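**Student:** Need coordinates for the below:
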Amino acid sequence: MRHIGHWIDGAEVRGTSGKHGPVYDPAAGHVQAEVDFASVDEVDAVVASCTRAAVGWSQASLSRRAEILFKFRELLDARKADLARLLTSEHGKVFSDAMGEISRGIENVEFACGIPHLLKGEHSEQAATGVDVYSLRQPLGVVAAITPFNFPAMVPIWMLANGVACGNAVVLKPSEKDPSPSLFLAALLKEAGLPDGVLNVVNGDKLVVDRLIEHPGVAALSFVGSTPIARYIYENGTRRGKRVQALGGAKNHMVVLPDADVGMAADAAVSAAYGSAGERCMAVAMVVAVGDVAEPLVRAIEARLDRIKVGPGTDPENEMGPLITREHRDRVASYLDIAKEEGATVVRDGREQKFANDGFFLGVSLIDKVKPNSRVHCEEIFGPVLSVLRVGTYDEALAIVNSHEYGNGTAIFTRDGGAARRFQREVDVGMVGINVPIPVPVSYYSFGGWRASLFGDHHMYGPEGIRFFTRTKVVTSRWPDPATSVIDLGFPRNR
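**Tutor:** From the prediction side, this is the model:
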């Protein structure tokens with residue numbers, strides 16, 4: 001059986017704890033590899049390696065850092081098909097989704113290549129007589145990146161591109177469910193010229209996360225995952241004086257007004273709800289249908305469901321793959337029974353679709369007439385289940401979105417520019433789409449939600465990512481007037 005270790009000091013190494021976990025092939029339903037789980041001592045050794053490497057790396061010139069990132073970008077682009085196959089193998093998403101994920105990651109590397117410009121400070125000459133004041137942005141030291149299973153390439157790139165560009169050493173702890181892409185990225189960075197120890201990858205479970213939270217040598221924690229774990233990392237990390245950005249869960253609403261193009265809205269809802277089997281924090285989980293648009297919209301969505309080809313991600317004809325584990329598939333499916341118990345209408349039950357093998361598949365599901373206080377509406381399902389909530393007015397729709405626990409992403413579909421402008425001002429959500437169902441910001445903005453979707457003061461990647469991975473130092477300087485200096489500077493003196 002294939003064995004997956006850690007990446008330490010520029011090479012993959014076997015773990016020494018004796019503990020390991022399974023890595024499944026979600027499309028086949030069997031274990032394809034074992035991944036080592038690190039001990040506390042191994043985590044400490046990884047942090048020590050990063051600490052040593054951080055000293056020299058923090059002094060590396062900006063041009064040298066940019067050179068390595070440019071090379072990494074080229075290697076990543078050249079090898080993206082190989083990386084995409086790893087994603088399909090361990091996560092299960094179809095190849096086209098995997099390629100799209102990597103492309104979005106490459107955009108973040110391109111942003112980080114501009115680090116000489118991004119780290120420019122400010123300068124005030126003659127703030128007082130003979131006194132200059134200026135600011136510097138300097139790295140934090142050793143930072144930890146704790147990443148989720150659903151984007152095993154893109155989210156690590158979000159963190160490590162800016163983290164490394166800013167002069168930090170990074171400990172990357174990927175999900176134990178699909179760890180191989182992180183080792184692939186580490187090998188590419190080594191090939192690009194990144195010094196050994198600047199990026200180390202340590203695999204494991206909660207023990208590893210807890211040690212990174214506790215370790216006095218780790219200055220910051222960057223996390224993407226569920227809200228309970230985000231809250232746990234934020235509270236325990238900040239209690240120990242660390243800087244923390246912890247992105248949590250989501251329940252993204254797509255508001256459809258009566259004047260919307262029903263076909264366009266239905267296409268958007270289907271692609272945003274079922275892409276990557278719904279296992280993404282920006283998936284549309286709830287359609288809020290306003291007024292008379294509800295009935296034709298539900299019919300239009302249902303009519304499109306039979307066209308979605310579900311199967312192994314290795315088949316280029318398939319548009320949706322399996323879920324990550326059998327347990328997660330069963331948990332997602334349980335919400336279809338919950339919906340019936342709560343009085344909603346299950347228009348399409350994905351369990352009725354049959355598959356040829358034992359993979360962790362669930363067909364696309366559609367629930368109509370969901371109630372605002374129901375579990376189906378309030379809880380994050382994180383699978384290929386799209387729900388429809390019907391309301392009478394725009395104000396009711398806005399209240400539904402703003403009162404939800406999560407404030408990650410939302411979208412509105414309308415032909416009315418005034419309604420769209422009003423919505424973007426009034427909605428209490430971090431990322432907003434106007435006739436765009438998945439409003440993931442481009443790399444030169446930043447990604448993050450509000451309320452229970454984000455713990456911390458900084459959003460992910462982009463300008464806020466640079467701020468998160470650096471701290472500002474302000475220097476106030478005074479130099480003697482050459483005319484009065486007692487040191488011969490070689491200048492003619494004024495008499």
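**Student:** and the most centrally placed residue in the chain, what element?
**Tutor:** What sits nearest the mean C-alpha location of the chain, by C-alpha atoms, centre = their mean, is residue 155, with 4.2 Å. Per DSSP states H and E, residue 155 falls inside helix 154-165.
**Student:** What's the first helix or strand after that helix?
**Tutor:** Toward the C-terminus from helix 154-165 - assigned by DSSP H and E - lies strand 169-173.
**Student:** Let me see the residues that make contact with stretch 395-409.
**Tutor:** Residues from elsewhere that reach stretch 395-409 (C-beta atoms under 8 Å, 6 or more residues apart in numbering): 227, 248-253, 255, 281-282, 288, 290, 372, 377-378, 380, 389, 391, 410, 423, 426-433, 438-440, 449-454. C-beta coordinates here come from the backbone N, C-alpha and C atoms, glycine included.
**Student:** Now do the contacts for residue 199.
**Tutor:** 7, 160, 164, 169, 170, 172, 186, 189.
**Student:** If we use 10 Å, what do you get?
**Tutor:** Listed by C-beta atoms under 10 Å, 6 or more residues apart in numbering, the contact partners of residue 199 are 7-8, 10, 50, 53, 57, 145, 156, 160, 163-164, 168-172, 182, 185-186, 189-190.
**Student:** one step back: for PyMOL, what selects the buried ones among the contacts of stretch 395-409?
**Tutor:** The buried residues among those can be selected in PyMOL (16 or more other C-beta atoms under 10 Å) with this line:
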select buried, resi 227+248+249+250+251+252+253+255+281+282+288+290+377+380+389+391+410+423+427+429+430+431+432+433+438+439+440+449+450+451+452+453+454
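**Student:** Take the contacts of stretch 395-409 and keep only those in strands.
**Tutor:** If you go by DSSP state E, these have 252-253, 255, 288, 290, 389, 391, 410, 431-433, 450-451, 454 in strands.
**Student:** Hmm, the residue nearest to the centre of the chain is touching residue 105, no?
**Tutor:** Yes: applying C-beta atoms under 10 Å as the test, residue 155 and residue 105 come out as touching, 8.3 Å apart.
**Student:** what touches both of the two?
**Tutor:** Residues touching both residue 155 and residue 105 comprise 181, 461, with contact defined as C-beta under 10 Å, 6+ apart.
**Student:** So, low pLDDT: which residues of this protein?
**Tutor:** 482-495 (pLDDT under 70).
**Student:** Let me see the domain layout of it.
**Tutor:** Annotated domains of the chain cover 2-248+453-476, 252-434 [automatic domain parsing].
**Student:** Endpoint to endpoint, the longest one covers what distance?
**Tutor:** I take that to be domain 2-248+453-476. Length of domain 2-248+453-476, first residue to last, C-alpha to C-alpha, to the nearest Å: 57 Å.
**Student:** Now stretch 259-269: buried residues?
**Tutor:** 260, 262, 265, 266, 268, 269.
**Student:** what's the following helix or strand after the host helix or strand of residue 100?
**Tutor:** Under the criterion of DSSP H and E, residue 100 resides in helix 95-112. Counting by DSSP H and E, the element after helix 95-112 in chain order, helix or strand, is helix 115-118.
**Student:** by contact count, what packs against the following helix or strand past that following helix?
**Tutor:** For helix 115-118, the following helix or strand on the C-terminal side (DSSP H and E) is strand 123-128. Where contact means 3 or more C-beta pairs under 10 Å, 6 or more residues apart in numbering; DSSP states H and E, strand 123-128 is packed against strand 131-139, strand 470-478.
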